[in-house]
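Enquirer: Return atomic coordinates for the entry below.
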Amino acid sequence: MEPDSLFMPLFRNGLDPIGELGRRREEQPVSRLDLFGNTVWLVTRHADVRRVLGDHATFSNDFANLLAAGGDDAEEMGLADPGGLGFRDPPEHTRLRRLLAPSFSARRLDALLPRIRDVVDARLDALDQAGPPADFVELFATAVPAMVIGEFLGVPEDEQIEFGRLASGRFDLIESILAPLDSAAASLDYLMGLIERQRRNPGEGLLGRLITEHPDIDDRELAGMADGLLVGGHETTASMLALGAIVLLSDPERAAFVRDEATDPDPVVEELLRYLTVVQVAFPRFARRETTVGGRQIGEGDLVLCSLSSADRDPALGTGLDSVDLTRPPTPHLAFAYGIHHCLGAQLARLELRTAFPALLRRFPDLRLAVDPGELRYSERSIVYGVAELPVTW
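Expert: Purely as a prediction, here's the structure:
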């Protein structure tokens, strides 16, 4: 099997990973790609992906290592350090995660639930007021996580939707190459100003708590952590809301099942997370030493890309995984990754999804897509898969 393009694991056929990923998972689960002229390995099987993501001693996540592996090509592309937890190794990763983890405790998230419900209701009102047809992406899917993550961090309510726009395009590889620093710089500028305000009058959000509990924390580091939470928690949840709506509205029986007051939303959300796996590829790993994955020799310095979308369709997890079964017992999916880099905000995202889908379908019992699903314009070459707009009517 010949080496292939970097973008191959990001291509989809509608909501499904392209068939090539399934063929590789079956025939050659660890295969070579062509990137920067270096050796890059694509891992497609669930067990192998867990092996790589769970072994931070062998596989580094440090951004400096990624740049070094990319060489001159990476420098010419102007790749910028995204900051946050995603591209940090222990002990730095451990230190930062310990600072943030208390804010994601069950008690803190439970306290946020009434606000999540209020946000969802407010955006349903906005959708209703816009009148059919309306763009579900603009009015609901992108606005809900923008307001929730803004509330979580301590962004004033009247600035939350605009704040969410600062994360736009950060996972799109083409946009990142064309304008690698613009959106990140705008976000950090905003956050530095917000931190200055919070130092004068600390609020109850994460930024205010960290400033109160750790007054010596560096402003730039704090802004980087907050930016990482914005980027990690906004576009991913927005894509799940939009793509999840497509899955539910494409089948009246699914919509009716979720609308039913007796339905437990937890298994529904887990199945949608598995089936859609909007974060298609985990952040790249860099092999610190020679090792073996899936029977292939990985050399020191090689880059390893883990296809989460392929791993979550692996038949080793069960049968019929290329289809949606909202009654399926939850599988050990990798939609939130695995290991020390398992998404810190996973439970917050789950709260949003568990709240949003039933509320949406109960508020609009005859909600349906306003276009044929084949006409939808999905994101291409983006690590986070999504849809540009989603016209709905009722």
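
Enquirer: can you tell me how far residue 301 sits from residue 287?
Expert: 6 Å (C-beta to C-beta, to the nearest Å). Using the backbone N, CA and C atoms, a C-beta is placed for each residue, glycine as well.

Enquirer: So which of those two has more stuff around it?
Expert: Set side by side, residue 301 and residue 287 show more neighbours around residue 287, with 22 against 15, by other C-beta atoms under 10 Å.

Enquirer: Could you verify my assumption that the more buried one touches residue 300?
Expert: Yes. A contact is recorded between residue 287 and residue 300 when judged using C-beta atoms under 8 Å, the distance being 5.8 Å.

Enquirer: In what element of secondary structure is the most centrally placed residue in the chain found?
Expert: For the chain, the residue lying nearest the average C-alpha position, counting by C-alpha atoms, centre = their mean, turns out to be residue 236 (3.3 Å). Per DSSP states H and E, residue 236 falls inside helix 219-249.

Enquirer: in that helix, what counts as buried?
Expert: For helix 219-249, the neighbour count (16 or more other C-beta atoms under 10 Å) marks 222-249 as buried.

Enquirer: what residues are up against residue 361?
Expert: Applying C-beta atoms under 8 Å, 6 or more residues apart in numbering to residue 361 gives the contacts 248, 255, 258, 259, 367.

Enquirer: how does it look with 6 Å?
Expert: Residue 361 sits next to 255, 258, 259 when contact means C-beta atoms under 6 Å, 6 or more residues apart in numbering.

Enquirer: can you pull the pLDDT of residue 54?
Expert: For residue 54, the pLDDT comes out at 97.

Enquirer: so what's it closest to, chain neighbours aside?
Expert: In this structure, residue 54 finds its nearest non-sequential neighbour in residue 339, 4.1 Å apart by C-beta to C-beta, 6 or more residues apart in numbering.

Enquirer: Let me know how buried that neighbour is, in neighbour terms.
Expert: The number of residues near residue 339, taken as other C-beta under 10 Å, comes to 15.

Enquirer: wait, isn't it in contact with residue 53?
Expert: Yes. Using C-beta atoms under 6 Å, residue 339 makes contact with residue 53 at a distance of 4.5 Å.

Enquirer: C-terminal to the helix-or-strand element of the chain with minimal mean pLDDT, which secondary structure element comes first?
Expert: Counting by mean pLDDT, DSSP states H and E, the chain has its least confident helix or strand at helix 173-178, which shows a mean of 48. Sequence order places helix 182-200 as the next helix or strand after helix 173-178, per DSSP H and E.

Enquirer: Give me the contacts around that following helix.
Expert: Applying C-beta under 6 Å, 6+ apart, the contact partners of helix 182-200 are 80, 166, 170, 207, 208, 211, 219, 222, 223, 226, 227.

Enquirer: Pipe these into CSV and attach pLDDT per row.
Expert: Below are the contacts of helix 182-200 laid out as CSV (pLDDT from 0 to 100):
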residue, pLDDT
80, 46
166, 86
170, 69
207, 97
208, 96
211, 96
219, 95
222, 94
223, 93
226, 93
227, 91
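
Enquirer: Return the closest of those residues with respect to residue 380.
Expert: Using C-beta to C-beta, residue 170 comes nearest to residue 380 of the contacts of helix 182-200, at 15.7 Å.

Enquirer: so where do the strands sit in the chain?
Expert: Ranges of strands in the chain, per DSSP state E, are 4-5, 12-13, 16-17, 30-35, 38-43, 59-60, 134-135, 285-287, 291-293, 296-298, 303-306, 368-369, 391-393.

Enquirer: remind me which residues of the stretch 251-394 of the chain are low pLDDT?
Expert: The stretch 251-394 of the chain contains no residues with pLDDT under 70.

Enquirer: rewinding a little: include distance to residue 123 when you put the strands of the chain into TSV, please.
Expert: Listed next are the strands of the chain as TSV, based on distance: least, C-beta to C-beta, whole Å:
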stretch	distance to residue 123
strand 4-5	38
strand 12-13	27
strand 16-17	28
strand 30-35	39
strand 38-43	38
strand 59-60	39
strand 134-135	11
strand 285-287	37
strand 291-293	43
strand 296-298	45
strand 303-306	33
strand 368-369	18
strand 391-393	13
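
Enquirer: Which among those strands is found nearest to residue 98?
Expert: strand 59-60 (19.9 Å).

Enquirer: Please work out the average pLDDT along that closest one.
Expert: Per-residue pLDDT over strand 59-60 has a mean of 94.

Enquirer: before we move on, what about stretch 101-121?
Expert: Per-residue pLDDT over stretch 101-121 has a mean of 96.

Enquirer: what sits up against that stretch?
Expert: Residues contacting stretch 101-121 (C-beta under 6 Å, 6+ apart): 144, 147-148, 151, 206, 344, 347-348, 351-352, 355-356, 359.

Enquirer: Helices - which of those residues land there?
Expert: Among the contacts of stretch 101-121, the ones falling in helices (DSSP state H) are 144, 147, 148, 151, 206, 347, 348, 351, 352, 355, 356, 359.

Enquirer: Could you identify the most distant pair in the residues you listed?
Expert: It's 206 and 359 that sit farthest apart of the ones in helices among the contacts of stretch 101-121, by C-beta to C-beta, at 25.1 Å.

Enquirer: Counting neighbours, go ahead and name the busier of those two.
Expert: Comparing residue 206 with residue 359 by other C-beta under 10 Å, the one with more neighbours is residue 206, at 24 against 17.
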